[in-house]
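Trainee: Quick one, fold the following:
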Amino acid sequence: MQEPLVFLPGMMCDARVFGPQLTALSPDFAVTIAPITQGDRIEEIASNLLDVLPRKFALAGLSLGGIVAMEILRRAPDRVSRIALMDTNPLAETPASSADLEPLIIKVRSGNLAEFVSGILRPDTLAPGPGRAEVMALVNDMAEHLGATVLLRQVRAMQRRRDYQAVLRRCKTPALVLCGEHDGLTPIKRHKFMADLIPYAVLDVIEGAGHLPTLERPNATTQALRDWMKQPLVLQ
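Mentor: Down below sits the predicted model:
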């Protein structure tokens, strides 16, 4: 039987961000959606997850979940059979971008989660069109469900993240680098750069999607994940 598949949601997101993929893939794969809610640093989140995840697994991370996935790959490369990095960033936070997050942290602490969400997912982050409002409504609901304490942990973890370029250069497993064509938060050029770092990586740009292609273009995203899961583990 094929190895289990572990999904890591992005910031402000719970399992619902992978709802379409869970529905489509669970008949064929043992699918787990693991939370990235426990810890104030990426390293702590990854360590906590490694204590409970299967011995070996395929790993797919979205946005902040992709950063946690890279940390898991750094810590336990022998346990990751293949990796998918979606709408994410291998670089450390810059001092300027970290400082830009401080006003949003104030909003979290004051309980103004809606302004926090809109500050992270700006208008240029999701694809244009009638589906944008529905996706934003779901993200707001997921953020409310997670609560201010978790959101504060997540943004602090993002601020303190390390650079993962060297980790990706050492990756020898089947790798998918995926992003939405309209992602203004982690744009296509960042994913091309990331794919060039990884030996044998496949880059897939999802048309008509932004930062959350799992929700914006679920069928295309699911197909890309199926193709990645079919890649042989021994790469030539």
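Trainee: Tell me which residues touch the residue nearest the centre of the chain, please.
Mentor: Closest residue to the average C-alpha location of the chain: Leu62 at 1.4 Å, with CA atoms, centre = their mean. By CB atoms under 8 Å, 6 or more residues apart in numbering, Leu62 lies in contact with 7-10, 13, 17-18, 86-88, 212, 214. (C-beta placed from N, C-alpha, C; glycine too.)
Trainee: wait, which of these is closest to Trp228?
Mentor: Trp228 lies nearest to Met86 out of those, by CB to CB, at 10.5 Å.
Trainee: Which strands or helices does the helix ranked longest in the chain pack on?
Mentor: For the chain, the longest helix by residue count, based on DSSP state H, is helix 131-146. Where contact means 3 or more CB pairs under 8 Å, 6 or more residues apart in numbering; DSSP states H and E, helix 131-146 is packed against helix 113-120, helix 213-216.
Trainee: and the first one, C-alpha only, in PDB?
Mentor: Taking Å, rounded to 0.1, in the frame of the first residue of the first chain, the C-alpha atoms of helix 113-120 are listed here in PDB:
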ATOM      1  CA  LEU A 113      -9.500  38.800  13.700                       C
ATOM      2  CA  ALA A 114     -11.300  40.000  10.600                       C
ATOM      3  CA  GLU A 115      -8.800  42.800  10.100                       C
ATOM      4  CA  PHE A 116      -6.000  40.500  10.800                       C
ATOM      5  CA  VAL A 117      -7.200  38.100   8.100                       C
ATOM      6  CA  SER A 118      -7.700  40.900   5.500                       C
ATOM      7  CA  GLY A 119      -4.300  42.200   6.400                       C
ATOM      8  CA  ILE A 120      -2.700  38.800   5.600                       C
END
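Trainee: what angle separates it from helix 131-146?
Mentor: Put simply, helix 113-120 runs at 130 degrees to helix 131-146, going by axes from the mean of the first three to the mean of the last three CA atoms, to 10 degrees.
Trainee: related to what we said a few turns ago, which of the residues in the longest helix of the chain are buried?
Mentor: 131-132, 135-136, 138-140, 142-143, 146 (16 or more other CB atoms under 10 Å).
Trainee: following it, which helix or strand shows up next?
Mentor: helix 148-159 (DSSP states H and E).
Trainee: and the angle from that following helix to helix 113-120?
Mentor: With the same axes, to 10 degrees defining the directions, helix 148-159 sits at 20 degrees from helix 113-120.
Trainee: What residues of the helix or strand following helix 148-159 count as buried?
Mentor: Counting by DSSP H and E, the next helix or strand C-terminal to helix 148-159 is helix 165-169. Using 16+ other CB under 10 Å as the test for burial, helix 165-169 gives 167-168.
Trainee: and helix 165-169, how far from the chain's centre?
Mentor: 17 Å (CA atoms, centre = their mean, to the nearest Å).
Trainee: Parallel or antiparallel, list what pairs with the helix or strand just after that helix.
Mentor: Once the chain leaves helix 165-169, the next helix or strand it forms, by DSSP H and E, is strand 175-180. Here strand 175-180 is paired, per DSSP bridges, with strand 80-86 (parallel), strand 202-206 (parallel).
Trainee: what distance separates strand 175-180 from the centre of its chain?
Mentor: That offset, for strand 175-180, works out to 10 Å (CA atoms, centre = their mean).
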